[in-house]
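Prediction below, plus the sequence it came from.
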Amino acid sequence: MKTFFCTLLLATSLMFTGLVFADPIPYTQAGFDGLQKEGKSILVEVHAPWCPTCRAQTPIINDLLKKKEFQAITVLYVDFDSQKDALKSFNVSKQSTLIVFKGTKETGRSTGDTSFGSIEKLLQNAI
């Protein structure tokens, strides 16, 4: 019972601080290919847990994805440290890189951006 209340307290406090995030979808080539084939809007987020810029991007992206216009975007997370093949296929050399696609077409990318407005404009390129 004590564990339940501790978990409830933690979840409640995280909700009020805005730190509750959707479960990340790890990038796989097959998953990416399937989304592209379906013509979906995709954000590929190249992320490293040790990266302060990546950590700054996360709440911005989460806030934007709550907007109705962006709810159809699927976010795929590429781990900068362990998914070197994906980095090569996307021609990415730095963490905190965001790439948007509409179906098979890349429609925009940025690296190191932590501006709400410019990330919002980038996501608009995917819809």
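Thanks, I have it. Computed from a prediction, not measured in an experiment: that's the story for all the values here.

okay, and for the chain, where does confidence drop off?
1-23 (pLDDT under 70).

Can you give me the neighbour number for N91?
9 (other Cβ atoms under 10 Å). All C-beta atoms are positioned from the backbone trio N, CA, C, and that covers glycine.

any idea how far it lies from I119?
Distance from N91 to I119, counting by Cβ to Cβ, to the nearest Å: 20 Å.

now do K94
Distance of K94 to I119, given as Cβ to Cβ: 16 Å.

Show me which of the two is the more surrounded one.
Set K94 next to I119 and count neighbours by other Cβ under 10 Å: I119 wins out with 20 against 13.

Just list the residues touching the residue lying closest to T104 once chain neighbours are set aside, thanks.
With sequence-adjacent residues excluded and distances taken as Cβ to Cβ, 6 or more residues apart in numbering, T104 is closest to Q36, at 4.7 Å. Q36 makes contacts with I42, F101, G103, T104, as judged by Cβ atoms under 8 Å, 6 or more residues apart in numbering.

Make TSV from the residues you listed and add neighbour count and secondary structure to it.
Below are the contacts of Q36 laid out as TSV (neighbours: other Cβ atoms under 10 Å; DSSP: H, G, I helix; E, B strand; the rest coil):
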residue	neighbour count	secondary structure
I42	23	strand
F101	24	strand
G103	15	coil
T104	11	coil
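
before we move on, the earlier item: what values do phi and psi take at the residue nearest to T104?
Recorded main-chain torsions at Q36 are phi -60, psi -40, according to degrees, to the nearest 10.
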